[in-house]
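Visitor: what follows is a protein structure lacking sequence information:
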């Protein structure tokens, strides 16, 4: 998946929009963060050039369940 496919996926959620809100940041790296939001609440951000990470906002209980499931599957 490349950055454009990822962007299309994130924007497929109802009410989602994207923005680059850190245009006045001191570092160039921070200025290149793309943030996805719904009703001005972010749910994901990613670096547009490197695209080597994705930070997602989620329910902690759901995240724990998902991580435990992933960990168990990796052990098999």
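Guide: Structure received. Every value quoted in this text rests on a predicted model; they were computed, and no experiment measured them.
Visitor: show me the contacts for the residue nearest the centre of the chain.
Guide: In the chain, the centroid-proximal residue (Cα atoms, centre = their mean) is residue 44; its distance is 2.9 Å. When contacts are counted by Cβ atoms under 8 Å, 6 or more residues apart in numbering, residue 44 touches 10, 35-36, 54-57. Bear in mind the C-beta positions are built from the backbone N, C-alpha and C, glycine included.
Visitor: in strands only, show me those.
Guide: Residues of the contacts of residue 44 located in strands (DSSP state E): 35-36, 55-56.
Visitor: residue 11 reaches residue 18, doesn't it?
Guide: Yes - counting by Cβ atoms under 8 Å, residue 18 is a contact partner of residue 11 at 6.4 Å.
Visitor: shared neighbours of those two, anything?
Guide: Joint contacts of residue 11 and residue 18 (Cβ under 8 Å, 6+ apart) are residue 36.
Visitor: what about these two, which has more around it?
Guide: For residue 11 versus residue 18, neighbours defined as other Cβ atoms under 10 Å are more numerous around residue 18 (14 against 11).
Visitor: is the more buried one bridged to anything, and to what?
Guide: residue 36 (DSSP bridges).
Visitor: and residue 29, that one's in a strand?
Guide: No - counting by DSSP: H, G, I helix; E, B strand; the rest coil, residue 29 is located in no strand; its state is helix.
Visitor: which ones are touching it?
Guide: Taking Cβ under 8 Å, 6+ apart, we find residue 29 in contact with residue 47.
Visitor: swap in residue 11?
Guide: Neighbouring residues of residue 11 by Cβ under 8 Å, 6+ apart: 17-18, 36.
Visitor: just the pLDDT at it, thanks.
Guide: pLDDT recorded at residue 11 is 95.
Visitor: any idea how far residue 47 is from it?
Guide: According to Cβ to Cβ, to the nearest Å, residue 11 stands 17 Å off from residue 47.
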